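Visitor: have a look at this prediction, sequence included:
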Amino acid sequence: MSDQYTSRNRVRLVYSGEDYFSLLLNLIEHAKHTIHLQVYIFDTDETGLQVLDALKKASKRGVVVFLHIDGYASQKFPKNIKSELQEAGVQFKFFEPVLKSSHFYFGRRLHHKVFVADGLFSLVGGINVSNRYNKLPETSPWLDMALYCEGEASYLAHQICRELWKKRKIPDTISKDDIETFCNTIQQNEKQYVRVRRNDWVKRKSEVWNTYRNLFRDSRESITIMSSYFLPGRFFLRLLSKAVHRGVKVKVILAGQSDVMLSKHAERYLYDYLLRKNIEIYEYQPTVLHAKITVCDSEWVTVGSFNVNNISAYASLEFNMDVKDKPFGSFIEEELNKIITGNCIQITPENYKRSTNVFKRLWQKISYSIVNAVLTLFTFYFKQEE
């Protein structure tokens, strides 16, 4: 299969909470050569400290460890902990610190949530390092997901993580022979087609955007989108409308409760349009929904950090993995349908009309206008990198 898919991979879906963090800690513990962890939010709470302790132990036993976190979302990362990491040998870096960056990009943030060990084992999704995404006593984690991948797509993720270090590059400790040896152990009946996708408008990378465009444009039967901050631009809205018109069943699973309420009010302003286009809307109820995953025709899946909105499309650095595999796609569709059935309420024209009055509708419109203005500001660059 062409179009940048690699075939020697094994994948599985990982949920936020114990499922994700137990796997992450196990991968750190068993890493032999190199670790890359790139994340938007890194909180130094119980979860964060546990991950940091594991990274320091890995570094002390000779693993080359790179921790790359966003300079805005993680700007409160304590200086003393940064010093402790560096003393332990961990390579630490902020991405574009707010007041020290040499560029003036409002919206260009490191929105990746990527972990790679030894160029072979990776986690790519929407999960930050924070208690909010972990299962703790008397609390439930935000609903989020990641793709665990073993194989050559992980090596591509490793290479991308190295590129982001720019002038701080350190000689690679990964042997390509080791990569080949491992990938050749994956049996034919295990192989799954996976490709790595990036978005970085400044670097002219729009691969995740293209994935969504192709899924919406080429779908034949069904599209199920789970998105935490769903504010598609006109182009994506038109593609979804055209998909419904040609007989595709389109479902969107959105947050019932959100950590960014202004964005949620703006999102609800779109409900009237979506319902008129016969797009099914479901709101997740138990906790905050933070996942970003889409399945098309029970065969194509994309999962990662990309939200279906203009910040992800035109500003921040995003990282997804696409899987083209009928059994895996069918499994993902079943999982999302279980979430719809057991944990969502459907927004219908009737209950939407009952829950909305002229004042709520006005506030939703104002919220939508404010959010769009912010998006416009964040996606306008005063300088372009050469």
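Guide: Looks like it arrived, so ask away. Predicted model only: the values in this text are computed from it and were never measured. Numbers count the residues shown, from 1 in each chain.
Visitor: run through the residues that contact residue 95.
Guide: When contacts are counted by Cβ atoms under 8 Å, 6 or more residues apart in numbering, residue 95 touches 68, 69, 70, 71, 109, 110, 164, 317. (Glycine included, C-beta is placed from N, CA and C.)
Visitor: what's near enough to touch the closest residue to residue 299 other than its chain neighbours?
Guide: Nearest non-adjacent residue to residue 299, counting by Cβ to Cβ, 6 or more residues apart in numbering: residue 329, 4.1 Å away. The contact partners of residue 329, taken as Cβ under 8 Å, 6+ apart, are 295, 296, 297, 298, 299, 300, 301, 323.
Visitor: check which helix or strand the last one maps to.
Guide: Spelled out, that is residue 323. Element membership for residue 323, per DSSP states H and E: strand 318-324.
Visitor: hang on, the earlier thing: out of the contacts of residue 95, who has the most neighbours?
Guide: Sorting these by how many neighbours each has (other Cβ atoms under 10 Å) puts residue 110 first, at 27 neighbours.
Visitor: and residue 226, how far is that from residue 299?
Guide: As defined by Cβ to Cβ, to the nearest Å, residue 226 lies at a distance of 17 Å from residue 299.
Visitor: of these two, which one has the most company?
Guide: residue 226 (30 against 19).
Visitor: for the stretch 201-350 of the chain, which residues score under the pLDDT cut-off?
Guide: Residue ranges of the stretch 201-350 of the chain with pLDDT under 70: none are present.
Visitor: show me where the protein has helices.
Guide: 18-30, 46-60, 79-87, 152-163, 176-183, 207-218, 234-245, 261-269, 271-276, 310-314, 326-343, 349-355, 358-378 (DSSP state H).
Visitor: distance from the chain centre to the shortest one, please.
Guide: With Cα atoms, centre = their mean, to the nearest Å as the basis, the distance from the averaged C-alpha position of helix 310-314 to the chain average is 13 Å.
Visitor: switch to numbering from 59
Guide: Got it, first residue is 59 now, which makes that one helix 368-372.
Visitor: for it, C-alpha coordinates in CSV please.
Guide: Extracted C-alpha coordinates of helix 368-372, given in CSV (Å, rounded to 0.1, in the frame of the first residue of the first chain):
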residue,chain,number,x,y,z
ASN,A,368,-8.9,26.0,12.9
ILE,A,369,-6.3,26.2,15.7
SER,A,370,-5.3,22.6,15.0
ALA,A,371,-5.7,23.1,11.2
TYR,A,372,-3.7,26.3,10.9
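Visitor: so what does it touch, helix or strand wise?
Guide: When contacts are defined as 3 or more Cβ pairs under 8 Å, 6 or more residues apart in numbering; DSSP states H and E, helix 368-372 sits against helix 416-436.
Visitor: quick check: angle from the helix it packs on to helix 319-327?
Guide: Counting by axes from the mean of the first three to the mean of the last three Cα atoms, to 10 degrees, helix 416-436 lies at 110 degrees to helix 319-327.
Visitor: got the contact list for helix 416-436?
Guide: Against helix 416-436 from outside (Cβ under 8 Å, 6+ apart): 164-165, 289, 320-321, 323-324, 326-328, 367-369, 373, 414.
Visitor: convert the C-alpha atoms of that helix to CSV, please.
Guide: Provided in CSV are the C-alpha atoms of helix 416-436 (Å, rounded to 0.1, in the frame of the first residue of the first chain):
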residue,chain,number,x,y,z
VAL,A,416,-33.4,33.5,22.6
PHE,A,417,-31.0,34.5,25.3
LYS,A,418,-29.0,31.3,25.2
ARG,A,419,-28.9,31.4,21.5
LEU,A,420,-27.6,35.0,21.6
TRP,A,421,-24.9,34.0,24.0
GLN,A,422,-23.9,31.0,21.8
LYS,A,423,-23.7,33.4,18.9
ILE,A,424,-21.5,35.8,20.8
SER,A,425,-19.3,33.0,22.0
TYR,A,426,-18.9,31.7,18.5
SER,A,427,-18.0,35.2,17.3
ILE,A,428,-15.4,35.6,20.1
VAL,A,429,-13.9,32.2,19.5
ASN,A,430,-13.6,32.9,15.8
ALA,A,431,-12.0,36.2,16.5
VAL,A,432,-9.4,34.5,18.8
LEU,A,433,-8.8,31.8,16.2
THR,A,434,-8.2,34.5,13.5
LEU,A,435,-5.7,36.2,15.8
PHE,A,436,-3.9,32.9,16.7
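Visitor: any idea of the mean pLDDT for it?
Guide: Mean pLDDT, computed over helix 416-436, is 82.
Visitor: tell me how far that helix lies from the chain's centre.
Guide: The chain centre lies 24 Å from the centre of helix 416-436; the measure is Cα atoms, centre = their mean.
Visitor: between the contacts of residue 387, which sits nearest residue 239?
Guide: residue 381 (23.5 Å; Cβ to Cβ).
Visitor: from memory that closest one sits against residue 205, does it?
Guide: Yes - using Cβ atoms under 8 Å, residue 381 is in contact with residue 205, at 7.1 Å.
Visitor: touching both of these two, which residues are there?
Guide: Common contacts of residue 381 and residue 205 (Cβ under 8 Å, 6+ apart): 69, 361.
Visitor: re earlier: from the contacts of residue 153, which land in strands?
Guide: Counting by DSSP state E, these place 126, 127, 128 in strands.
Visitor: which residues touch residue 267?
Guide: Counting by Cβ under 8 Å, 6+ apart, residue 267 makes contact with 257, 364, 371.
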